[in-house]
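Peer 1: Build me a model:
(2 chains)
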There are 2 protein chains.
Amino acid sequence: MSSWNKIMECVPNFSEGRDLGKIEKIIEPFRARQGVKLLDYSNDEDHNRLVVTVVGEPEALKAALLEAVGQAVALIDLNLHSGQHPRMGAVDVIPFIPIKGCTMDEAIALSKEVGEQIATLYQVPVFLYEKSATAPHRENLAAVRKGEFEGMAEKIKLAEWQPDFGPAERHPTAGTVAVGARMPLVAYNVNLGTADLNIASDIARKIRFIGGGLRYCKAMGVELKERGIVQVSINMTDYTRTALYRAFELVKIEARRYGVPVVGSEIIGLVPMEALIDTASFYLGLENFSMNQVLEARIME
Amino acid sequence: MSSWNKIMECVPNFSEGRDLGKIEKIIEPFRARQGVKLLDYSNDEDHNRLVVTVVGEPEALKAALLEAVGQAVALIDLNLHSGQHPRMGAVDVIPFIPIKGCTMDEAIALSKEVGEQIATLYQVPVFLYEKSATAPHRENLAAVRKGEFEGMAEKIKLAEWQPDFGPAERHPTAGTVAVGARMPLVAYNVNLGTADLNIASDIARKIRFIGGGLRYCKAMGVELKERGIVQVSINMTDYTRTALYRAFELVKIEARRYGVPVVGSEIIGLVPMEALIDTASFYLGLENFSMNQVLEARIME
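Peer 2: Alright, predicted model coming up:
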């Protein structure tokens, strides 16, 4: 238990969501391996994409990941790939997320080591993105990936899109990959007691960063047709700076002017305990509370 | 990390709060030991008592604990002991608390094994208490300990106070010990914006179990003289049944009739993450939330 001093998370996305045999080969390096724990994986046939969630000690995680990348490069041919999700490589994106006992700087350093190794071992060009980006225009994954596998044949030759590692030439079958470091994302939705999508969209626009709202908050309105309600669908990009409860309370305040009640909320996928403990601490008005008082935090120390 | 399939907590109380050399010898068996992690210990000179918090795999924890009990029996003479805290033995009480991957029944079974071993190895009589008690009148530690070390010389000869393990005779220097299983306790205080102790005491009486209040809630009014306020000092004896937020909200409601505001609250010592995550879930109105979505819970699985 106390043997892992540092825990890094990694959520690599692979461009194979249909062939279960190939999927198993890509996941295999994360299984039953000292210092690595496979938390989850899900493959989507429509997206034709595999998303893996794994945690581990940085060195062990790096070794397992490089093996999985090798499998994906050998097994996936992007020339034959189609799916709803945009993609530019057999391994499309590899984010590292510091979880415990390690800093963002360490996650950035790890992403650069992994990027360099991918280029060296497999001749796949690597773009550093998010916190690891070497220029502001490369921070946003969507900007890096624009044009996808097909467009990258020419895009990678432009001066502003030279890869950070590897040849300035798309790998013929595996394309290119984005590697970087980021904070944990929390997917958090607030449900409104109305069927009017305009209200959810309007509130989303007001609470999100680009609309003048909270710094680490992305949001959009979404219809839940089967329930006859709408929701403000939120991506919290740094819950340590923009707390979950602050987004929730802002949605409540904005909903009030429409006379619309907040009927609940939901967390999609995984959430770090601190995001919820911070929320409990706010509502209880806890004084002098420290995460060191949380039994599980102490056990994991 | 994933090597501990089961985590049991133990909070043994030893009757030595002053001699640091003896304290170190009692704690030593919990240090640097495979399968055991010493989370905390605190010795109080006025109480003349040492409280240790340790977690571990059940078998490893048992072995370490039996060693520590051996040290305490060898080092502490209750005939020479004085302090503010009531006590009946060199090792006064040993509660086992199931934390992860183990049930209350397993904690009860472990407490009985440990009790039997203590009697066999050290000839110290053992009372099973709380969930491990063999009769209702033995559940409450205060009832078992009544009369303390001095009174136990005669009490242990009464038919209703025969020990569960070991001779019906007080150990000449180490007295007797209570061993049992219980839920984690959460020490939780709610601060009121008044200096009137009567108000805190009155609210405490209303929210606690014995006053007709919440099933797993003990409470009393306490004065915080240096701050000029009072608090409702609460012991939550099963946060999985009586949620923290329910006690907090009840105090707020009762305070309202006095026109007194709740100015904050505090958690003393350790708290299981679930107690706070449950609270966050309540205030956010989370739908379909599962502890399996908490990253740290998955890592510890």
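Peer 1: All the helices of the stretch 1-150 of chain A, residue numbers only.
Peer 2: For the stretch 1-150 of chain A, the helices defined by DSSP state H, counting those that start in this stretch cover A:20-27, A:58-75, A:104-122, A:141-145, A:148-155.
Peer 1: list the contacts for residue A:145?
Peer 2: Neighbouring residues of residue A:145 by C-beta atoms under 8 Å, 6 or more residues apart in numbering or on different chains: A:86, A:87, A:88, A:92, A:93, A:178. To be clear about C-beta, it is placed using only N, CA and C from the backbone, and glycine gets the same treatment.
Peer 1: if I look at the residue of the stretch 51-200 of chain A found nearest chain B, how far off is residue A:275?
Peer 2: Per C-beta to the nearest C-beta, the residue of the stretch 51-200 of chain A with the smallest distance to chain B is residue A:55, at 5.6 Å. Computed as C-beta to C-beta, to the nearest Å, the residue A:55 to residue A:275 distance reads 16 Å.
Peer 1: Between these two, which is the more surrounded one?
Peer 2: A direct count of neighbours by other C-beta atoms under 10 Å in any protein chain shown for residue A:55 and residue A:275 places residue A:55 higher, at 25 against 22.
Peer 1: give the contact list for that one.
Peer 2: With C-beta under 8 Å, 6+ apart, residue A:55 has these contacts: A:7, A:8, A:9, A:10, A:36, A:37, A:39, A:61, A:99, B:295, B:299.
Peer 1: Is any residue of stretch A:208-221 near chain B?
Peer 2: No - residues of stretch A:208-221 contacting chain B under C-beta under 8 Å from any C-beta of the partner chain: none, with a closest distance of 15.1 Å.
Peer 1: ends of that stretch, how far apart?
Peer 2: 11 Å (C-alpha to C-alpha, to the nearest Å).
Peer 1: for the least confident helix or strand in chain A by mean pLDDT, packing partners?
Peer 2: The helix or strand of chain A with the lowest confidence, counting by mean pLDDT, DSSP states H and E, is helix A:295-300 at a mean of 91. Where contact means 3 or more C-beta pairs under 8 Å, 6 or more residues apart in numbering or on different chains; DSSP states H and E, helix A:295-300 is packed against strand B:36-44, helix B:273-284, helix B:295-300.
Peer 1: Single out the most deeply packed of those.
Peer 2: The highest average neighbour count among those, using mean count of other C-beta atoms under 10 Å in any protein chain shown, belongs to helix B:273-284 at a mean of 22.
Peer 1: on that earlier part again, mind giving me JSON lines with the contacts of residue A:145 and columns for distance to residue B:111, pLDDT and neighbour count?
Peer 2: Formatted as JSON lines, these follow (distance: C-beta to C-beta, whole Å; pLDDT from 0 to 100; neighbours: other C-beta atoms under 10 Å in any protein chain shown):
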{"residue": "A:86", "distance to residue B:111": "58", "pLDDT": "94", "neighbour count": "15"}
{"residue": "A:87", "distance to residue B:111": "56", "pLDDT": "97", "neighbour count": "24"}
{"residue": "A:88", "distance to residue B:111": "59", "pLDDT": "98", "neighbour count": "29"}
{"residue": "A:92", "distance to residue B:111": "53", "pLDDT": "97", "neighbour count": "27"}
{"residue": "A:93", "distance to residue B:111": "51", "pLDDT": "98", "neighbour count": "22"}
{"residue": "A:178", "distance to residue B:111": "54", "pLDDT": "98", "neighbour count": "26"}
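Peer 1: Those residues in strands, which ones?
Peer 2: Members of those lying in strands (criterion: DSSP state E): A:92, A:93, A:178.
Peer 1: who's in contact with residue A:159?
Peer 2: Taking C-beta under 8 Å, 6+ apart as the criterion, residue A:159 is in contact with no other residue.
Peer 1: pLDDT value on it, please?
Peer 2: Residue A:159 is assigned 96 on the pLDDT scale.
Peer 1: related to what we said a few turns ago, redo the contacts of residue A:145 as TSV? Include distance to residue B:27.
Peer 2: Below are the contacts of residue A:145 laid out as TSV (distance: C-beta to C-beta, whole Å):
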residue	distance to residue B:27
A:86	57
A:87	56
A:88	56
A:92	51
A:93	48
A:178	50
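Peer 1: what's the closest of these to residue A:202?
Peer 2: Using C-beta to C-beta, residue A:86 comes nearest to residue A:202 of the contacts of residue A:145, at 27.6 Å.
Peer 1: buried residues in stretch A:151-164?
Peer 2: Of the residues in stretch A:151-164, A:152, A:155, A:156, A:161, A:163, A:164 count as buried by neighbour count, 16 or more other C-beta atoms under 10 Å in any protein chain shown.
Peer 1: What parts of the stretch 151-300 of chain A come near chain B?
Peer 2: So far as C-beta under 8 Å from any C-beta goes, the stretch 151-300 of chain A lies against chain B at A:184, A:191, A:244-245, A:248, A:262-267, A:269-273, A:276-277, A:279-281, A:283-289, A:293-300.
Peer 1: list the contacts for residue A:15?
Peer 2: Counting by C-beta under 8 Å, 6+ apart, residue A:15 touches A:48-50, A:72, A:76, A:78, A:81, A:83, A:87, A:89-92.
Peer 1: For it, give me the backbone phi and psi.
Peer 2: Main-chain dihedrals, residue A:15, degrees, to the nearest 10: phi -90, psi 60.
Peer 1: just residue A:166 next, same as before
Peer 2: Dihedral angles for residue A:166 - degrees, to the nearest 10 - are phi 90, psi 180.
Peer 1: Over to the one 5 residues further on?
Peer 2: Here is the backbone geometry of residue A:171 (degrees, to the nearest 10): phi -60, psi 130.
Peer 1: Just give the closest residue to it, not the sequence neighbours.
Peer 2: residue A:124 (4.6 Å; C-beta to C-beta, 6 or more residues apart in numbering or on different chains).
Peer 1: Now for the residue of the stretch 101-250 of chain A found nearest chain B, how many residues are close by?
Peer 2: Nearest residue of the stretch 101-250 of chain A to chain B: residue A:248, at 5.6 Å (C-beta to the nearest C-beta). Summarising burial for residue A:248: neighbours were counted as other C-beta under 10 Å, giving 22.
Peer 1: What average pLDDT does the helix or strand harbouring it get?
Peer 2: Using DSSP states H and E, residue A:248 sits within helix A:244-256. Taken as a whole, helix A:244-256 has a mean pLDDT of 98.
Peer 1: Next: stretch A:111-119.
Peer 2: On average, the pLDDT along stretch A:111-119 is 98.
Peer 1: same question, stretch A:193-209
Peer 2: The average pLDDT within stretch A:193-209 is 97.
Peer 1: Could you do stretch A:216-226 as well?
Peer 2: On average, stretch A:216-226 scores 95.
Peer 1: go on, stretch A:58-74?
Peer 2: Averaged over stretch A:58-74, pLDDT sits at 98.
Peer 1: All good on my end, thank you.
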